[in-house]
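1. fold the following, please.
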Amino acid sequence: QKDGKYGFIDSDGTEIVATVYDQIDLFGIYKENWARVQKDGKYGFIDTDGGLVVDVLFDEIELFGIYKESWALVKKKGKYGFIDTDGSIIVEPTFKSEEDVKKEAIE
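-> Below you'll find the model as predicted:
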């Protein structure tokens, strides 16, 4: 932690993830070798090398597999959609409610 921001260093003290995030979750909660990060109220994911695998642009990201295997519900600008475990948007966040996106995308 530095100046209220979080990052990671390795055992040698080399910075792996710059101290730019307001929050970093543990690796493996959402996907093996991924950690959810938050910056300026938005969420994305980094990998264990410190690389950004999902841009930090979502208001919310749910766990993968709740609604459909390998999909996670996301919210962006008040609208809902889905991303997959590759970090790609599967269903654009254009739906006004969780119920609408689930009904349209999953059924």
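
2. neighbours of the spatially closest residue to Asp49 that is not a sequence neighbour, how many?
-> What sits nearest to Asp49 in space, not counting adjacent residues and going by CB to CB, 6 or more residues apart in numbering, is Ile16, at 7.2 Å. Every C-beta, even on glycine, is put in place using the N, C-alpha and C of the backbone. Neighbourhood size, Ile16 [other CB atoms under 10 Å]: 13.

3. which ones are touching Ile16?
-> 7-10, 49-50 (CB atoms under 8 Å, 6 or more residues apart in numbering).

4. switch to 6 Å and redo it
-> Contact analysis of Ile16 by CB atoms under 6 Å, 6 or more residues apart in numbering lists 8, 10, 50.

5. of those residues, which is the most crowded?
-> Result: Phe8 is most packed of the contacts of Ile16 (other CB under 10 Å), 17 neighbours.

6. need the contacts of Ile16 in TSV (columns: secondary structure, pLDDT and distance to Gly44).
-> TSV is the format used below for the contacts of Ile16 (DSSP: H, G, I helix; E, B strand; the rest coil; pLDDT from 0 to 100; distance: CB to CB, whole Å):
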residue	secondary structure	pLDDT	distance to Gly44
Phe8	strand	91	15
Asp10	coil	88	22
Gly50	coil	90	13
